[in-house]
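> Return atomic coordinates for the entry below.
(one chain, ligands or ions: 1)
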Amino acid sequence: MKTQPTAPPTARIEPEPPILRVEGLSKRFHPDFPPVVQNVSFTVEQGEVFALLGPSGCGKTTTLRLVAGFEQADQGQIWLDGQDITPKPPEERGIGFVFQDYALFPHLSVFQNVAFGLRHLRGKEREARVMEVLGLVGLTVFKDRKPGELSGGQQQRVALARAIAPGPKLILLDEPFSSLDAALRQSTRDEVRALLKQAGIGAILVTHDQEEALSFADRLAVMRSGQLEQTGTPEEVYHHPRTPFVAQFLGRTNLIPGEARGQEAETPLGRIMLVEEAQGAVLLSLRPEGLSLAAPLGHLGIDGKQIEGTVLAREFKGHDVTYRIQLGSRELIVQESPESPFYPGDKVRVLVRARAVVVGRGR
Ligand SMILES: Nc1ncnc2c1ncn2[C@@H]1O[C@H](COP(=O)(O)OP(=O)(O)OP(=O)(O)O)[C@@H](O)[C@H]1O
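Numbering: from 1, shown residues only. Predicted coordinates:
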């Protein structure tokens, strides 16, 4: 008798656990003031670059210092690679830290700076590891120089090499690009991201620069007054902000009230389409690039009206033009292509080209 072939057992692919899990972290420095970090939870996946983004004083650095172990949390737990590291001192956590000012030893050479965290290794082994990491950051030829004899970008890479050398499971970067000038910041950022990806090390970047967070991170969390307001990929958070704060913090936006009826809403800009269905009073976010301008019609539009405003200001930026438009009692920001022909005082029609995102409900 022929036996039925049995189906091969399907291999269950278990998702890899996150490299870092932070659960309900809180920290208060002063009993008379609210906590600086309040019930913060997030994960960083293996090899993922995560950013904590928020305005000055919102608690980003404190969160990072709690993860590093430089501060002790009042509440909450931190797991690294499945292990609860909450009670451990910084040196036992297996986490690298790159400080804002790099904190390099000025009297030590590049080689000695990188070797500093490798005191547990012996002579040859230690030398080999330092040279390997210097090779990775492209600084082998500078190994005998002192930090003061290097450019800002090179010092930054020494700091990164020193943090990477002991083979940490996670690297924490506290505003690491802020002291570099604009051109160097962009290229150093790209290099550091490529290095982290090449080494497969997970990282948390702390920054108040939204463009930096959007371009550097795989995922980011927007922080406000000690709490995480929204977490997601740069695209999710930019295109689908859930609160007015997130919408405004991630680039410029227009916040417009409306009355939603399903897929559309009635607004001072006319009837506009929504990204998600909603009902009743809503606050909507429309990015400046989602609006455009046209010359007023000599006659009224098909629905008998046109949304007309006046150009208040025009800012030419080479790759685009940004306008401020007075529309009734409201001011709008509109981004247009560089050929756009309007100037202050011109009457213009405001057209909505994108769907609006609901960032608030109720009045
Ligand atoms: N050791 C400390 N003792 C008392 N207050 C502190 C301490 N460290 C930070 N704070 C306060 O906690 C708040 C958050 O500081 P934190 O440095 O975490 O913010 P941040 O978001 O990183 O800001 P920035 O971008 O300016 O560095 C600030 O009001 C700060 O003054």
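> Straight-line length of stretch 23-43, end to end?
Stretch 23-43 has an end-to-end distance of 9 Å (criterion: C-alpha to C-alpha, to the nearest Å).
> what's the distance between that stretch and the middle of its chain?
20 Å (C-alpha atoms, centre = their mean, to the nearest Å).
> cool, and stretch 95-108?
Per C-alpha atoms, centre = their mean, the centroid offset for stretch 95-108 relative to its chain is 23 Å.
> for the stretch 151-300 of the chain, what spans make up the strands?
170-174, 202-207, 219-224, 227-232, 254-267, 270-286, 291-294 (DSSP state E, counting those that start in this stretch).
> Give the full set of residues in contact with the residue of the stretch 101-250 of the chain found nearest the ligand.
Per C-beta to the nearest ligand atom, H208 is where the stretch 101-250 of the chain lies closest to the ligand, at 4.9 Å. Any C-beta I mention is one placed from the backbone N, CA and C, and that applies to glycine too. Counting by C-beta atoms under 8 Å, 6 or more residues apart in numbering, H208 makes contact with 53-56, 60, 175.
> Tell me if I am right that T322 is in a helix.
No. According to DSSP: H, G, I helix; E, B strand; the rest coil, T322 belongs to no helix; its state is strand.
> If you drop the residues flanking it in sequence, what lies closest to it?
The shortest distance from T322 to any non-neighbouring residue, by C-beta to C-beta, 6 or more residues apart in numbering, is to E315 (4.5 Å).
> Next: V350.
In space, V350 is closest to I307, 4.9 Å off (C-beta to C-beta, 6+ apart).
> for the ligand, what are the nearby residues on the stretch 201-350 of the chain?
For the stretch 201-350 of the chain, the residues found near the ligand under the criterion C-beta under 6 Å from any ligand atom are H208.
> Quick check: bridge partners of K347?
Judged by DSSP bridges, the bridge partners of K347 are T310.
> E91 belongs to a strand?
No. E91 is assigned helix when assessed by three-state DSSP, not a strand.
> mind starting the numbering at 361 from now?
All set: I'll call the first residue 361, so the last point we hit is now E451.
> roughly how far apart are it and P617?
Per C-beta to C-beta, to the nearest Å, E451 is found 53 Å from P617.
> and if you look at F502?
Distance, F502 to P617, by C-beta to C-beta: 57 Å.
> How about the backbone phi and psi for the closest residue to P415 other than its chain neighbours?
In space, and not counting its chain neighbours, P415 is closest to H568: 5.9 Å by C-beta to C-beta, 6+ apart. Dihedral pair for H568: phi -110, psi 10, per degrees, to the nearest 10.
> Can you give me the pLDDT of H568?
In this prediction, H568 carries a pLDDT score of 92.
> same question, V606
We have a pLDDT of 96 for V606.
> Name the single longest helix found in this structure.
helix 542-559 (DSSP state H).
> Off-centre distance for it?
Centre-to-centre, helix 542-559 and its host chain are 15 Å apart (C-alpha atoms, centre = their mean).
> Just the local confidence number for the residue lying closest to L481 once chain neighbours are set aside, please.
Nearest residue to L481, sequence neighbours excluded (C-beta to C-beta, 6+ apart): R489, at 6.2 Å. With respect to pLDDT, R489 scores 92.
> secondary structure element for R489?
helix 483-496 (DSSP states H and E).
> quick one: contacts of that helix?
Residues outside helix 483-496 that contact it (C-beta under 8 Å, 6+ apart): 470-471, 474-475, 478, 481, 500, 502-503, 521, 524-525, 555, 558-559.
> List the buried residues of that helix.
Neighbour counts using 16 or more other C-beta atoms under 10 Å place 486, 489-490, 493-494, 496 of helix 483-496 among the buried residues.
> Nearest spatial neighbour of A559, chain-adjacent residues omitted?
That would be I524: by C-beta to C-beta, 6+ apart, it lies 6.3 Å from A559.
> so who does the residue positioned nearest the centre of the chain touch?
Ranked by distance to the mean C-alpha position of the chain (C-alpha atoms, centre = their mean), the top residue is A573 at 2.8 Å. Taking C-beta under 8 Å, 6+ apart as the criterion, A573 is in contact with 411, 413, 565, 567, 580, 594.
> Turn those residues into JSON lines, including neighbour count.
Shown next, in JSON lines, are the contacts of A573 (neighbours: other C-beta atoms under 10 Å):
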{"residue": "A411", "neighbour count": "27"}
{"residue": "L413", "neighbour count": "29"}
{"residue": "L565", "neighbour count": "29"}
{"residue": "T567", "neighbour count": "23"}
{"residue": "L580", "neighbour count": "30"}
{"residue": "P594", "neighbour count": "19"}
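> For my notes, please list those residues in a markdown table and give distance to F402 for each entry.
Below are the contacts of A573 laid out as a markdown table (distance: C-beta to C-beta, whole Å):
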| residue | distance to F402 |
| --- | --- |
| A411 | 11 |
| L413 | 12 |
| L565 | 13 |
| T567 | 15 |
| L580 | 10 |
| P594 | 15 |
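> and the stretch 411-560 of the chain, which residues reach the ligand?
414, 416-422.
> again, only this time at 8 Å
414-425, 431, 534-535 (C-beta under 8 Å from any ligand atom).
> got the contact list for L615?
If you count contacts by C-beta under 8 Å, 6+ apart, then L615 has 604, 607-608, 643-645, 719 around it.
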